[in-house]
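S.K.: Provided below are the primary sequence and the corresponding predicted coordinates.
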Amino acid sequence: MKGKHVVIAMLAPIALAGAVMYYLQVYGYYEEVTLDPATGIELTVGVTGEPEPILAEGIEAIDADSSPLRFRACFHTPMSQAMLTETYEVYEDPVPLTAPGWFSCFDAGKIEAALETGEAIAFLGQRNIHYGVDRVIAVFGDGRAYAWHQLNNCGETRYDGTPTGPACPPRED
């Protein structure tokens with residue numbers, strides 16, 4: 001019987017630590033974010049390279065201070081894909097990152113599939129919203145839209161140890 005108690009005494013803290021880590025990753029660091037519908041969602045204008053607010057309704061968003069990549073948002077825009085592609089910069093190689101399961105409006109797999117088929121188009125929201133991280137906005141033909149943060153070339157090279165080179169802005173520490 002004593003051996004059984006020793007094993008239980010060893011496994012209990014491990015199970016507790018695992019449960020705490022799971023909670024922190026899925027729930028603990030995230031918080032709901034309130035974005036102003038008039039100014040909270042921006043796309044980068046193709047001609048000027050500057051972000052400007054677009055029309056957005058019903059914004060649901062989450063973020064976390066623990067990583068610049070944890071931002072996700074779901075919203076609707078009355079702006080058509082045709083108008084958006086004429087005005088704003090299309091984003092090359094968008095890869096939506098998964099959201100926690102409890103943030104049910106954001107399904108990275110469905111967004112990625114729609115981007116691959118052309119049902120959705122990705123736009124640059126803002127370049128270097130955090131150093132090496134771009135905000136990407138995917139818009140469907142019916143106005144559904146989703147936003148996430150994605151590493152850009154500067155972020156990828158910076159975090160894999162490769163020198164960033166002159167094309168990347170200086171990093172503020």
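M.R.: Yes, it's here.
S.K.: ok, longest strand in the chain?
M.R.: In the chain, with assignment by DSSP state E, the single longest strand is strand 120-130.
S.K.: Quickly run through the sheet partners of the helix or strand that that one is followed by, with directions.
M.R.: Next in sequence after strand 120-130, counting helices and strands by DSSP states H and E, comes strand 133-140. Here strand 133-140 has these sheet partners by DSSP bridges: strand 120-130 (antiparallel), strand 144-151 (antiparallel).
S.K.: Quick one: residues contacting the residue sitting nearest the centre point of the chain.
M.R.: Centroid-nearest residue in the chain, with C-alpha atoms, centre = their mean: Trp148, separated by 2.2 Å. Residues in contact with Trp148 (C-beta atoms under 8 Å, 6 or more residues apart in numbering) are 69, 71-73, 96-97, 99, 106, 108, 135-136. Placement of C-beta: from N, CA and C, glycine included.
S.K.: Buried residues, the longest strand of the chain. List them.
M.R.: By neighbour count on 16 or more other C-beta atoms under 10 Å, the buried set for strand 120-130 is 120-127, 129.
S.K.: what residues does it touch?
M.R.: With C-beta under 8 Å, 6+ apart, strand 120-130 has contacts from 41-44, 51, 68, 81, 84-85, 88-91, 94, 111, 114-115, 134-141, 147, 149, 152, 154, 169.
S.K.: Flag the shaky bits of this structure, pLDDT-wise.
M.R.: Where the chain drops to pLDDT under 70, the residues are 1, 17, 19-28, 158-166, 171-173.
S.K.: And the strands in it?
M.R.: Going by DSSP E, the chain shows strands at 31-33, 42-44, 51-53, 57-63, 72-76, 120-130, 133-140, 144-151.
S.K.: so the fourth one versus strand 144-151, what angle?
M.R.: Counting by axes from the mean of the first three to the mean of the last three C-alpha atoms, to 10 degrees, strand 57-63 lies at 30 degrees to strand 144-151.
S.K.: ok now strand 57-63, how far from the chain's centre?
M.R.: 12 Å (C-alpha atoms, centre = their mean, to the nearest Å).
S.K.: follow-up on the earlier one: CA atoms only for the longest strand of the chain, dumped as CSV, please.
M.R.: Extracted in CSV, the C-alpha atoms of strand 120-130 (Å, rounded to 0.1, in the frame of the first residue of the first chain):
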residue,chain,number,x,y,z
ALA,A,120,-12.0,35.1,-48.8
ILE,A,121,-9.3,37.7,-49.5
ALA,A,122,-6.6,38.7,-47.0
PHE,A,123,-5.6,42.3,-46.6
LEU,A,124,-2.8,44.0,-44.7
GLY,A,125,-4.4,45.6,-41.7
GLN,A,126,-1.2,47.2,-40.3
ARG,A,127,2.4,46.3,-40.9
ASN,A,128,4.6,45.9,-37.7
ILE,A,129,1.7,46.5,-35.3
HIS,A,130,4.3,45.0,-33.0
